[in-house]
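# Have a look; sequence and predicted model below, questions after that.
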Protein chains: 2
Amino acid sequence: MDTRFSTAIHALMMISQGEPPMTSEAIANSVGTNPSYIRKVTGLLKKSGIIHSHPGIRGFSLVIPPEKLSLYQIYQAINETEEVHVFDLHRNPNDACIVGRHIRPVLTECFREIERKAEEQLRQLTLADCMDKMRKRIGEET
Amino acid sequence: MDTRFSTAIHALMMISQGEPPMTSEAIANSVGTNPSYIRKVTGLLKKSGIIHSHPGIRGFSLVIPPEKLSLYQIYQAINETEEVHVFDLHRNPNDACIVGRHIRPVLTECFREIERKAEEQLRQLTLADCMDKMRKRIGEET
């Protein structure tokens, strides 16, 4: 389970709403994890220029407005890679076997189109889209 | 890392080539794992009617021919679910927070289209396609 991506979207939704400014502690409390895990995630988001924080001021703020921030940008920031990864490959196939020797490039090739399509879809979804969906659900709840 | 899906494709490629019949030990040797892990994977493939074994005869054989066996059928068998899962969600968001309460259904909704598309693509790829790609690579190697 690698839940840093969904954690990052959660954190960004909170930061974008942030009044008062969102701290790692407040985000961790909502995500259901500890502040040091959140600091790892926000560290990656800061490194990519998606959020920033000011010395002496508590909390983070968004650099990119939610309607311009795609889920692909968030994915890239968190995974520190351009490529969307969809299915894991076993790591140690046996090179002495002809199937073992070729399986990883063959599966990488098979999955590439799926990953390209996922990337395209992540590019089309923005943080604002996620927030709209959330507002709709909150509206239905009340 | 959940590599059962790629392990299952690897195992099925070996089984479909299987002359002599492929045993868990031979598959494990090529995959780079232990036979008991392979038996878990082959158990799921048997349960779904993709492979079978005969009492008193060593090794497995394919029930569905490679050109009719889609990667989606393999995925379903291994994950014991109809739905393709692409991104993990954090498990314990805080219900007391309005974002925490709605984040999982919101992200599930955001990712659903990506997962549907991935399913569609897995339905179009067959074990025979993977074997063709492997044959091509083996041909380039020699």
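Great, that's in hand. Since the structure is predicted, the reported quantities are computational estimates derived from the model, not experimental observations. Numbers count the residues shown, from 1 in each chain, chains lettered A, B, ... in the order given.
# okay, CA-based contacts and neighbour counts for the rest of this
Fine.
# need the next SSE after the longest helix seen in chain A, C-terminal direction.
For chain A, the helix that runs over the most residues, judged by DSSP state H, is helix A:98-124. Next helix or strand after helix A:98-124 toward the C-terminus (DSSP states H and E): helix A:127-141.
# Give me the helices and strands touching that following helix, please.
On a contact count with 3 or more CA pairs under 8 Å, 6 or more residues apart in numbering or on different chains; DSSP states H and E, helix A:127-141 meets helix A:4-17, helix B:98-124.
# Out of these, which is the most enclosed?
Among the helices and strands packed on helix A:127-141, ranked by average contacts under mean count of other CA atoms under 10 Å in any protein chain shown, first place goes to helix A:4-17 (a mean of 22).
# Give me the distance from the helix or strand containing A:Ile38 to the chain's centre.
Element membership for A:Ile38 (DSSP H and E) is helix A:35-47. Relative to the centre of its chain, helix A:35-47 is centred 11 Å away, using CA atoms, centre = their mean, to the nearest Å.
# Output it as CSV - backbone C-alpha positions only.
The C-alpha trace of helix A:35-47 is given here as CSV (Å, rounded to 0.1, in the frame of the first residue of the first chain):
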residue,chain,number,x,y,z
PRO,A,35,2.7,14.8,11.6
SER,A,36,6.1,13.4,10.6
TYR,A,37,4.5,11.4,7.7
ILE,A,38,2.7,14.6,6.6
ARG,A,39,5.9,16.5,6.7
LYS,A,40,7.5,14.0,4.3
VAL,A,41,4.5,14.5,1.9
THR,A,42,4.4,18.3,2.3
GLY,A,43,8.2,18.3,1.9
LEU,A,44,7.8,16.8,-1.6
LEU,A,45,5.0,19.2,-2.5
LYS,A,46,7.2,22.1,-1.5
LYS,A,47,10.1,20.8,-3.4
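# Okay, buried residues for that helix please.
The neighbour-count check on helix A:35-47 (16 or more other CA atoms under 10 Å in any protein chain shown) flags A:35, A:38-39, A:41-46 as buried.
# That helix versus helix A:4-17: what angle between them?
For helix A:35-47 against helix A:4-17, the angle by axes from the mean of the first three to the mean of the last three CA atoms, to 10 degrees is 80 degrees.
# average pLDDT across the helix or strand just after helix A:35-47?
Counting by DSSP H and E, the next helix or strand C-terminal to helix A:35-47 is strand A:51-53. Average pLDDT, strand A:51-53: 93.
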